[in-house]
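Enquirer: Got a sequence here, can you model it:
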Amino acid sequence: MSNYDNIKFIRITFPAENVAHVELNRPEKLNAFTTEMFANLGLAFDRLSKDSAVRCIVLSGAGDRAFTSGLDVTASSGGPVFSKDSDDDVARRARNIRHHIDELQYSISALERCEKPVIALCHGISFGAAVDIAVASDIRYCVADSRFSIKEVDIGLAADLGTLTRLPKIGVSYSWAKEAAYSARIFSGEEAGRVGFASRVFKSKGEMVEAALETAKVIAAKSPVAVQGTKALLDFSRDRSVEDGLRYTAVWNAAMLQTEDVGKAMMSGLRKTKPTFEKL
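Expert: Next up, the predicted model:
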């Protein structure tokens, strides 16, 4: 596991077989994101996606106060968005800013790009990038007294790392999504559960982490061919017609149904035993 030892601000542990636990690890700064931290989050998930020993990933924030407070504006103030070089014209500055945004989007999209299911655990302050991360994950849990905000309009911009693209597609009311995004108001974990933003709401962070690890262990015990195929097909079908989704599913399973995992699963069902599956 030395491949994960030196990723600054990101701590990765392996609390159960085939389960990885990723922690945003800058608690003294409320896990606020610097440009380097965004890049390292993407690096971590790209590595985990390729790791055949990992089948499910839990993502949380270190410390008791915050999942993440979002962008560390002070640490990021030297980037292309804030620099105003008089030698650059508007087109050149816009190009540099677009490339910067592309890089940050790529890092957040690593969670969705990751072949393994990702369970995001939100607690405490969960502003800005916290929502980007949550909606890029497969499953969202939160603590009842979590404080969420799509904070970007309060700092003069439209959220640009995925919230506005993914939030309307996770099952919440479009009206609710727009209200939350336009107003930047704080909403609680209890409300997040009620409107469908989170699938489970807990009393404490400890209870949430424990439950998430149990869920991850259940997922990790399934056929990785089946689980990773399910994620790929769900994500493909979300943005396409039913006809396109069905066609893609048929092509996908034309290959994947030939796995030995199908036979193992069926035989274990008949014998009432628990199957074990090889690495993918």
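Enquirer: in the stretch 51-200 of the chain, which segments are predicted with low confidence?
Expert: The model of the stretch 51-200 of the chain has pLDDT under 70 over residues 75-87.
Enquirer: Report pLDDT for the nearest residue to residue 19 once chain neighbours are set aside.
Expert: Distances taken as Cβ to Cβ, 6 or more residues apart in numbering place residue 216 nearest to residue 19, at 4.5 Å, with adjacent residues excluded. C-beta here means a position set from N, CA and C on the backbone, and glycine is covered the same way. What the model reports as pLDDT for residue 216 is 98.
Enquirer: dump the residue contacts of residue 216.
Expert: Shown in contact with residue 216 (Cβ atoms under 8 Å, 6 or more residues apart in numbering): 16, 19, 56, 57, 58, 119.
Enquirer: Which element, helix or strand, includes the last one?
Expert: In other words, residue 119. Take DSSP states H and E as the rule and residue 119 turns out to sit in strand 118-122.
Enquirer: would CSV of the contacts of residue 216 with neighbour count, distance to residue 25 and secondary structure be doable?
Expert: Output for the contacts of residue 216, formatted as CSV (neighbours: other Cβ atoms under 10 Å; distance: Cβ to Cβ, whole Å; DSSP: H, G, I helix; E, B strand; the rest coil):
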residue, neighbour count, distance to residue 25, secondary structure
16, 15, 20, strand
19, 25, 18, strand
56, 27, 20, strand
57, 27, 15, strand
58, 27, 14, strand
119, 25, 18, strand
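Enquirer: of these, closest to residue 32?
Expert: Nearest to residue 32, judged by Cβ to Cβ, of these is residue 58 at 20.9 Å.
Enquirer: Isn't that closest one up against residue 18?
Expert: No - with contact defined as Cβ atoms under 8 Å, residue 58 does not reach residue 18; the gap is 11.9 Å.
Enquirer: quick one: the helix or strand where residue 106 lies to strand 118-122, angle?
Expert: Under the criterion of DSSP H and E, residue 106 resides in helix 90-113. Here helix 90-113 runs at an angle of 110 degrees relative to strand 118-122 (axes from the mean of the first three to the mean of the last three Cα atoms, to 10 degrees).
Enquirer: Just the C-alpha atoms of stretch 195-203, please, in CSV.
Expert: Written as CSV, here are the backbone C-alpha positions of stretch 195-203 (Å, rounded to 0.1, in the frame of the first residue of the first chain):
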residue,chain,number,x,y,z
VAL,A,195,-35.1,16.1,-0.1
GLY,A,196,-33.0,13.1,-1.4
PHE,A,197,-29.6,14.7,-1.4
ALA,A,198,-28.4,12.1,1.1
SER,A,199,-29.7,8.5,1.3
ARG,A,200,-29.0,8.1,5.0
VAL,A,201,-28.8,10.5,7.9
PHE,A,202,-27.0,9.8,11.2
LYS,A,203,-26.8,11.2,14.7
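Enquirer: what's in contact with that stretch?
Expert: By Cβ under 8 Å, 6+ apart, the residues outside stretch 195-203 that reach it are 122, 134, 139-144, 148, 170-173, 176, 189-193, 208, 211.
Enquirer: Export the helix or strand where residue 254 lies to CSV, keeping only CA atoms.
Expert: Using DSSP H and E, the element containing residue 254 is helix 242-256. Only the C-alpha atoms of helix 242-256 are listed here, as CSV (Å, rounded to 0.1, in the frame of the first residue of the first chain):
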residue,chain,number,x,y,z
VAL,A,242,-33.5,4.5,-22.4
GLU,A,243,-32.8,3.1,-25.8
ASP,A,244,-29.2,4.0,-25.8
GLY,A,245,-28.8,2.7,-22.2
LEU,A,246,-30.4,-0.6,-23.1
ARG,A,247,-28.2,-1.0,-26.2
TYR,A,248,-25.0,-0.2,-24.2
THR,A,249,-26.0,-2.6,-21.5
ALA,A,250,-26.5,-5.4,-24.0
VAL,A,251,-23.1,-4.9,-25.5
TRP,A,252,-21.5,-4.6,-22.1
ASN,A,253,-23.0,-7.8,-20.8
ALA,A,254,-22.3,-9.7,-24.0
ALA,A,255,-18.8,-9.8,-22.7
MET,A,256,-19.3,-9.6,-18.9
